[in-house]
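> Pasting the sequence and the predicted coordinates here, then a few questions.
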Amino acid sequence: MNRNSKTAFLADIHANLQALESVLKDLDAKEVEHSASLGDVVGYGGHPNECLNLVRTRCRYSIYGNHEIALLRNEIASSYRLEIRNSLEFHKSKLSAKNLNYIGSLPISIEQPDFTATHGSLHNPTEFEYVFTEQDADRHFAKQKTRIAFCAHTHTPRIWNQQKGRTTFTEAKDIYLNDSGKYLIDVGSVGQPRDGDARACYVIFDPVQQRVEFFRISYDVKEAAEAVLHCGGSPAFASRLFSGR
């Protein structure tokens, strides 16, 4: 990988083909060379196979999230709510052998000289801990070796910053990185936003400019919601797409 290339970070696609296609179209228009999927391509939505096909062919980097591991391991899925288990069972029944093998081969993290990426916190990556509070972020930063890291899992885009031992956060906004301190960028969700904005969310990192940009992309929410219901998904999974909650 050219270390001067921009990288787009996509996460929590959750089988929302309409949202993913809209994001990829936007990336093509911006001529972003590389992209990374930060897990949870499956779960909730109506098009798991189609979304995995796109991620497998379009994303230079990809890691697994809690929904991938739950789909593959019944003992983990058993702790999930019934409607989520049903969704994962349906998705597993529809995935091609190639896509099942693909998610089974994914790593837990991306380690590059310029950045690190995981689905949840670096504190205990395989437990998929959320980063919601300053204490959560402190535990994460204690394990973060690169100046910037990217995560997902909360479905809520935001920026965590640690300077001289003090951790703060801001809501999602475009920023230039300071020369000191550490950053954790929560990239939000492509397919199941939960910050009150129904549009798909993703991030672009420019290592030359040391700039992080957040993008919100409109898509056909009605069609995505209908796909959830068509595959027997919970009506709640469909209705929340309209509110972004």
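Now that the structure is in, tell me what you want to look at.

> any idea how far the residue lying farthest from the centre of the chain lies from residue 178?
In the chain, counting by CA atoms, centre = their mean, residue 164 sits farthest out from the average C-alpha position, at 28.5 Å. Distance, residue 164 to residue 178, by CB to CB, to the nearest Å: 11 Å. (Glycine included, C-beta is placed from N, CA and C.)

> what residues are up against the closest residue in space to the residue farthest from the centre of the chain that isn't next to it in sequence?
Counting by CB to CB, 6 or more residues apart in numbering, residue 164 lies nearest to residue 181, which is 7.4 Å off, once chain neighbours are set aside. Taking CB atoms under 8 Å, 6 or more residues apart in numbering as the contact definition, residue 181 lies against 147, 161, 162, 163, 164.

> Mind listing residues that contact the helix or strand of the chain with the lowest mean pLDDT?
Least confident helix or strand, the chain: helix 74-77 with a mean of 88, by mean pLDDT, DSSP states H and E. The contact list for helix 74-77 (CB under 8 Å, 6+ apart) reads 66, 69, 70, 71, 84, 85, 88, 89.

> hmm, try it at 10 Å
The contact list for helix 74-77, computed with CB atoms under 10 Å, 6 or more residues apart in numbering, reads 66, 67, 69, 70, 71, 84, 85, 88, 89, 92, 128.

> So the second one, which state does it fall into?
To tie it back to what came earlier, the one meant is residue 67. helix (DSSP: H, G, I helix; E, B strand; the rest coil).

> any idea how far residue 202 is from the nearest residue to it once chain neighbours are set aside?
Counting by CB to CB, 6+ apart, residue 43 is the residue found nearest to residue 67 once chain neighbours are left out, at 3.7 Å. Here the criterion is CB to CB. By it, residue 43 lies 18 Å from residue 202.

> Show me which of the two is the more surrounded one.
Shown here are residue 43 and residue 202; by other CB atoms under 10 Å, residue 202 has more neighbours (28 against 25).

> any idea which element the more buried one lies in?
strand 200-206 (DSSP states H and E).

> Which elements pack onto that strand?
Where contact means 3 or more CB pairs under 10 Å, 6 or more residues apart in numbering; DSSP states H and E, strand 200-206 is packed against strand 7-10, helix 17-30, strand 34-37, strand 148-151, strand 182-186, strand 211-217.

> Could you dump those into TSV and include mean neighbour count and mean pLDDT?
Shown next, in TSV, are those (neighbours: other CB atoms under 10 Å; pLDDT from 0 to 100):
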stretch	mean neighbour count	mean pLDDT
strand 7-10	26	98
helix 17-30	19	98
strand 34-37	24	98
strand 148-151	24	98
strand 182-186	24	98
strand 211-217	18	98
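
> Of all those, which one is nearest residue 139?
strand 182-186 (11.0 Å; CB to CB).

> Tell me, how many residues neighbour residue 57?
7.

> and it, helix, strand or coil?
Classified using three-state DSSP, residue 57 is helix.

> Return, as residue ranges, the portions of this structure with sub-threshold pLDDT.
Per-residue confidence for the chain (pLDDT under 70) gives these ranges: 1-4.

> Contact partners for residue 110?
Residue 110 neighbours (CB under 10 Å, 6+ apart): 7, 9, 36-38, 60-63, 116-118, 149-150.

> For it, give its distance to residue 87.
Counting by CB to CB - residue 110 and residue 87 are separated by 26 Å.

> Isn't residue 154 up against residue 195?
Yes - under the criterion of CB atoms under 10 Å, residue 154 makes contact with residue 195 at 8.9 Å.

> Now for those two: what residues contact both?
186, 188, 189.

> ok so, going back, so which of the helices and strands packed on strand 200-206 is nearest residue 133?
Taking the helices and strands packed on strand 200-206 one by one with CB to CB, strand 182-186 is closest: 12.5 Å.

> and that closest one, how far from the chain's centre?
Offset of strand 182-186 from its chain centre (CA atoms, centre = their mean, to the nearest Å): 14 Å.
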